[in-house]
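Trainee: Following is a predicted model, sequence given first.
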Protein chains: 2
Amino acid sequence: MSNNDKSVVSRLRKLISEGAYAPGERLGEVAVAEQLGVSRTPVRLAFRTLEQEGLLQQAGKRGFMVREFTQADVHCAVEVRGVLEGLAARHLAEQGLPPDVDKELSFWIQKGKKLIAKGYLVESDINQWSELNAHFHGIIIHSIGSGVVADAIARNNHLPFAAADSIIIDSDDLEREFKKLQLAQFHHELIFQSLKRGEGARAEMLMREHALIGLRYPELLADSE
Amino acid sequence: MSNNDKSVVSRLRKLISEGAYAPGERLGEVAVAEQLGVSRTPVRLAFRTLEQEGLLQQAGKRGFMVREFTQADVHCAVEVRGVLEGLAARHLAEQGLPPDVDKELSFWIQKGKKLIAKGYLVESDINQWSELNAHFHGIIIHSIGSGVVADAIARNNHLPFAAADSIIIDSDDLEREFKKLQLAQFHHELIFQSLKRGEGARAEMLMREHALIGLRYPELLADSE
DNA sequence: ATTATGGTTATTGGATCCAAAGTAAAGGCT
DNA sequence: AGCCTTTACTTTGGATCCAATAACCATAAT
């Protein structure tokens, strides 16, 4: 669990989600160890972690292989994030929005408003959106007294395409992405409104719908052109 | 990931959830290794797995400690299971209940009906209930094409008190437990009904409510005496 | 007296070694 | 010629060894 161990986990995680290994490919301990320039021990430790994260799965009786993700898997992972973040949002609405959380959320909402206000997107806006989006979601998730929900979401986010900030896929077509982000920002504002008013059910449903933005919205946004 | 490794994980998991170690207690690798009669290697591997499962957490810069669970954690874990199983139930209802799943669910429903029909509980009924309950929930969870939801639930179930079959707490007061199981059985039947009729939203909400049976129902059942 | 610094000790992390299990290949037998 | 068996090799799993580092303690200085 020291520097190296953690770095092996994250380096492998990156390699896998970048597609450096083919889905279903068997990962040999020695091969990976040599590739990363470490001994087998940290690799073996990392394999266990990545297995739990769902990126690897056991290959028969021996060793691990890269897990393959179907379209259904991606879809389910997004929905799982939706119901979990929805749960968090409902809790927050029901328990009442504490003043400091209110203030923080408001801050990031304003940032998003400014980003969208100018009516178009430039390349550098994407990182800014990622940041504010992560903060907005993070605040809601961590506002619950228990870390259990946040943990479940974090584990789910290890699956490729499941994380909240994987909305941006196509940085070539900035015009369509702008429409998507405009909608996402409006979702954020609606969620914020429902949180402030203590509307638990509405906050939950909005959050669940918000999760689908990368999944179900592209086709509609394409048509509306 | 061989016999021994897996057994170390499950033995440790059992020890932890049984409370063999105090919450917050630091677990030394050598101590645990000696206790289980293995070398440090499988213990180190197991620690990584158990960390991901949420039973252990890092203790400062070095090693691991037993994670402490607050009442809020338990509550959240149950709710997480509720929304995830609710998601699974809704999916199943929306996609339509396949004949074989219908048949299987019906079988376990009948088993439950018989168990409850005699009007009281005996000690041996508890195991039977555990079995049919596990099957009922398992079938619904695994009916989705993707394993992502099932995985998320499985991970959540590693947390103590979160699993669906941890309903039975008090095997002394079999009379109260009977009332609880009677309700649980009725929940199962309602869920089954809604699944068959394709009532997605109803199936989801019933499943979410069903998850709370171990949490919120005891006080009411006590009053009703 | 309290704090800081240095040293010692205990424990973890990484590498290597050995054994066990599995797989593949080759040869023999039917 | 095909299949089964046996053997050899590959790869993982477990144990041990060595190094690095964090924690603890003691002593000294302010």
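Mentor: Arrived safely.

Trainee: Test my guess that residue A:204 contacts residue A:94.
Mentor: No - assessed by CB atoms under 8 Å, residue A:204 is found out of contact with residue A:94, at 9.6 Å. The way it works is simple: take the backbone N, C-alpha and C, and place the C-beta from them, glycine included.

Trainee: Out of these two, name the residue with the larger neighbour count.
Mentor: Neighbour count, other CB atoms under 10 Å in any protein chain shown: between residue A:204 and residue A:94, residue A:204 has more, with 25 against 14.

Trainee: Give me the domain ranges for chain A.
Mentor: By the assignment in automatic domain parsing, chain A contains the domains A:3-66, A:71-223.

Trainee: what would the ones you listed look like in JSON lines with mean pLDDT and distance to residue B:106?
Mentor: Formatted as JSON lines, the domains of chain A follow (pLDDT from 0 to 100; distance: least, CB to CB, whole Å):
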{"stretch": "domain A:3-66", "mean pLDDT": "90", "distance to residue B:106": "32"}
{"stretch": "domain A:71-223", "mean pLDDT": "91", "distance to residue B:106": "26"}
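
Trainee: and the closest residue to chain B within chain A, how many neighbours does it have?
Mentor: Of all residues in chain A, residue A:52 sits closest to chain B, at 3.4 Å by CB to the nearest CB. For residue A:52, the count of nearby residues is 21 (other CB under 10 Å).

Trainee: Please tell me I have it right and it contacts residue B:53.
Mentor: Yes - between residue A:52 and residue B:53 a contact is recorded at 6.8 Å, counting by CB under 8 Å.

Trainee: residues touching the residue sitting nearest the centre point of chain A, list them.
Mentor: Nearest to the geometric centre of chain A sits residue A:163, at 1.5 Å (CA atoms, centre = their mean). Neighbour list for residue A:163: A:81, A:157 [criterion: CB atoms under 8 Å, 6 or more residues apart in numbering or on different chains].

Trainee: And for residue A:188?
Mentor: Residues counted as contacts of residue A:188 (CB under 8 Å, 6+ apart) are A:108, A:109, A:112, A:136, A:210.

Trainee: again, 7 Å this time
Mentor: By CB atoms under 7 Å, 6 or more residues apart in numbering or on different chains, the contact set of residue A:188 is A:109, A:112, A:136.

Trainee: Could you say which helix or strand holds the first one?
Mentor: Which is residue A:109. For residue A:109, the host element (DSSP states H and E) is helix A:99-117.

Trainee: same for that helix, what does it pack against?
Mentor: Applying 3 or more CB pairs under 7 Å, 6 or more residues apart in numbering or on different chains; DSSP states H and E, one finds that helix A:99-117 makes contact with helix A:125-142, helix A:174-196.

Trainee: Quick one: those as CSV, columns for distance to DNA strand D too.
Mentor: Putting the helices and strands packed on helix A:99-117 into CSV (distance: least, CB to the nearest atom of the strand, whole Å) gives the following:
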stretch, distance to DNA strand D
helix A:125-142, 25
helix A:174-196, 39
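
Trainee: need those in TSV with distance to residue B:151, can you?
Mentor: What follows is those, written out as TSV (distance: least, CB to CB, whole Å):
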stretch	distance to residue B:151
helix A:125-142	19
helix A:174-196	27
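
Trainee: Can you check which of those gets nearest to residue B:36?
Mentor: For these, proximity to residue B:36 was assessed by CB to CB; helix A:125-142 is nearest, at 35.6 Å.

Trainee: which parts of the helix or strand just after that closest one are buried?
Mentor: Using DSSP H and E, the helix or strand that follows helix A:125-142 in sequence is helix A:148-157. Within helix A:148-157, the residues that qualify as buried are A:148, A:149, A:150, A:151, A:152, A:153, A:155, A:156, A:157, counting by 16 or more other CB atoms under 10 Å in any protein chain shown.

Trainee: and if you look at stretch A:172-185?
Mentor: Neighbour-count burial for stretch A:172-185, with 16+ other CB under 10 Å as criterion, is recorded at A:174, A:176, A:177, A:178, A:179, A:180, A:181, A:182, A:183, A:184, A:185.

Trainee: and chain B, which of the residues you listed contact it?
Mentor: Filtering the buried residues of stretch A:172-185 for proximity to chain B by CB under 7 Å from any CB of the partner chain leaves nothing.

Trainee: For chain A, identify the residue most remote from the centre.
Mentor: What lies farthest from the middle of chain A is residue A:61; by CA atoms, centre = their mean that is 32.1 Å.

Trainee: do you know how far that one is from residue A:68?
Mentor: 19 Å (CB to CB, to the nearest Å).

Trainee: who in chain A is up against DNA strand D?
Mentor: Chain A comes close to DNA strand D at residues A:2, A:27, A:28, A:29, A:30, A:40, A:41, A:44, A:62, A:63, as judged by CB under 7 Å from any atom of the strand.

Trainee: quick one, what contacts the closest residue to the fifth one other than its chain neighbours?
Mentor: In this case it means residue A:30. Setting aside the residues directly before and after it, residue A:30 is nearest to residue A:40 in space (CB to CB, 6 or more residues apart in numbering or on different chains), at 6.4 Å. Residue A:40 is in contact with A:29, A:30, A:33, counting by CB under 7 Å, 6+ apart.

Trainee: Quick one: buried ones out of the residues you listed?
Mentor: Buried by 16+ other CB under 10 Å: A:29, A:33, out of these.

Trainee: What is the nearest of the contacts of residue A:40 to DNA strand C?
Mentor: Minimum distance to DNA strand C across those is 7.2 Å, recorded for residue A:33 (CB to the nearest atom of the strand).

Trainee: Surely that closest one touches residue A:44?
Mentor: No - if you go by CB atoms under 7 Å, residue A:33 and residue A:44 don't touch, sitting 8.7 Å apart.

Trainee: Need the overlap of contacts for these two.
Mentor: Residues touching both residue A:33 and residue A:44 by CB under 7 Å, 6+ apart: none at all.

Trainee: Residue A:181 touches residue A:129, doesn't it?
Mentor: Yes - at 5.9 Å, residue A:181 and residue A:129 qualify as touching, with contact defined as CB under 7 Å.

Trainee: buried set for stretch A:192-206?
Mentor: Judged by neighbour count (16+ other CB under 10 Å), stretch A:192-206 contains these buried residues: A:192, A:194, A:195, A:199, A:200, A:202, A:203, A:204, A:205, A:206.

Trainee: contacting residues for residue A:24?
Mentor: A:65, A:66, A:68.

Trainee: what's the answer for residue A:53, then?
Mentor: Residues in contact with residue A:53, defined by CB under 7 Å, 6+ apart, are A:155, A:158, B:52.

Trainee: Including distance to chain B, could the buried residues of stretch A:192-206 go into CSV?
Mentor: Below are these laid out as CSV (distance: CB to the nearest CB, whole Å):
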residue, distance to chain B
A:192, 21
A:194, 18
A:195, 18
A:199, 17
A:200, 12
A:202, 15
A:203, 14
A:204, 9
A:205, 11
A:206, 15
